[in-house]
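J.: Sequence and predicted structure below; questions after.
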Amino acid sequence: MGIVFRETLAGVELEQLSGGFFDGWPNPPSASTFLKMLEQSYAIELAVDEQTGNVVGFIQAISDGILSAYIPLLEVLPDYKAQGIGSALVQRMLERLQGLYMIDLLCDPEVQTFYERQAMQKATGMCIRHYSNQAGYIDSRQRN
């Protein structure tokens, strides 16, 4: 399986994103919401299966572009795990963000060792999760 990496959505169609991301989420975003989320990110990295053209992994960052960035999501489809794709996506993103002072993410304890292998350090964080908005929040002011 040949994997190519892309840092833009150029040439990626909606149907190439609907391959089973957000596995286990009780209220996952639709493919169109997923696309919009990627479009509005500060930076993205995509892993694409050369044979099928489907996106099989992604990482996104949101940032002020000056001082800080936050990496909210990294996902690799189950059939493509354990091939180094997640590590490559993280390294590509960290390289793109290296000029910033801080790059943060929150993750579950069971994946902390993965991020430690990517040269990240454990830290303490706080969060709020509105699971009812997990499919994507549309601000009524943005609907017009």
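T.: Perfect, thanks for sending it.

J.: What segments of this structure are helices?
T.: Applying DSSP state H to the chain gives helices spanning 31-39, 85-97, 112-117.

J.: May I see the ones you listed organised as JSON lines, with mean neighbour count added?
T.: C-beta coordinates here come from the backbone N, C-alpha and C atoms, glycine included. JSON lines is the format used below for the helices of the chain (neighbours: other Cβ atoms under 10 Å):
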{"stretch": "helix 31-39", "mean neighbour count": "15"}
{"stretch": "helix 85-97", "mean neighbour count": "18"}
{"stretch": "helix 112-117", "mean neighbour count": "12"}
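
J.: Would you mind pulling up the elements that the helix or strand bottoming out on mean pLDDT in the chain packs against?
T.: Lowest on mean pLDDT, DSSP states H and E among the helices and strands of the chain sits helix 31-39, with a mean of 92. In terms of contacts (3 or more Cβ pairs under 8 Å, 6 or more residues apart in numbering; DSSP states H and E), helix 31-39 is packed against strand 55-63.

J.: just to revisit the earlier point, and residue 79, which of the helices of the chain is closest to it?
T.: Residue 79 sits nearest to helix 85-97 of all the helices of the chain, at 10.7 Å, using Cβ to Cβ.

J.: related to what we said a few turns ago, any idea which of the helices of the chain gets closest to residue 6?
T.: For residue 6, the closest of the helices of the chain is helix 85-97, at 9.9 Å, according to Cβ to Cβ.

J.: Just give me how far that closest one sits from the chain centre.
T.: Its chain's average C-alpha position is 10 Å from that of helix 85-97, according to Cα atoms, centre = their mean, to the nearest Å.

J.: Can you check what angle separates that helix from strand 55-63?
T.: 30 degrees (axes from the mean of the first three to the mean of the last three Cα atoms, to 10 degrees).

J.: So, low pLDDT: which residues of this structure?
T.: Along the chain, the model assigns pLDDT under 70 to residues 1, 138-144.

J.: Having no further points to raise, I will conclude here.
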